[in-house]
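>>> From the sequence below, what's the structure:
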Amino acid sequence: MADGINFAAEISRYMGETVTIFTTSGGVSGQGFTGVVLSVNAYFVRLITQIGPAPGCVLGNACTGFTGGLFGGVPAAGAKVDYRLINTVGSVADIPIDKIASFVHNAV
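Numbers count the residues shown, from 1 in each chain. Just a heads-up that it's a prediction; the model follows:
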């Protein structure tokens, strides 16, 4: 475990920076995760892999094209709603330290 703790300490030096982490898993997850290091502990690295949009309006009001409040909202009559934007809330990857095959970061 001491090696995992030292590795976690090394990764924590890159908090707030964009890195790529390749894992020992196969498939899509083995192709690596690129994101900003949010937190590190002896067991996991947390990367934000996609940042969601900043809130522009309160949910359920006229500027979103929805009426009926937060949980019962329906598109207002004639509203053109881009559902891709509504569903983009960001994503986070929690990667186990013991499953990291390679940690890639900028040299400078």
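
>>> so who does residue 39 touch?
15, 45-46 (Cβ atoms under 8 Å, 6 or more residues apart in numbering). Bear in mind the C-beta positions are built from the backbone N, C-alpha and C, glycine included.

>>> and it, what element?
strand 33-40 (DSSP states H and E).

>>> I'd like the next helix or strand past that strand.
Following strand 33-40 in sequence, per DSSP H and E, is strand 44-51.

>>> so what strands line up beside that following strand?
Note on strand 44-51: by DSSP bridges, its sheet partners are strand 33-40 (antiparallel), strand 90-96 (antiparallel).

>>> Tell me which of those lies nearest to residue 20.
Closest to residue 20 of those is strand 33-40 (Cβ to Cβ; 4.5 Å).

>>> For the closest one, buried residues please.
Using 16 or more other Cβ atoms under 10 Å as the test for burial, strand 33-40 gives 33, 35, 37, 40.

>>> Can you add distance to residue 25 and give these back as CSV?
Putting the buried residues of strand 33-40 into CSV (distance: Cβ to Cβ, whole Å) gives the following:
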residue, distance to residue 25
33, 11
35, 16
37, 19
40, 19
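
>>> how about the strands in the protein?
Applying DSSP state E to the chain gives strands spanning 18-23, 33-40, 44-51, 66-67, 74-75, 90-96, 100-104.

>>> Tell me which of those lies nearest to residue 7.
Of the strands of the chain, the one closest to residue 7 (Cβ to Cβ) turns out to be strand 100-104, at 7.4 Å.
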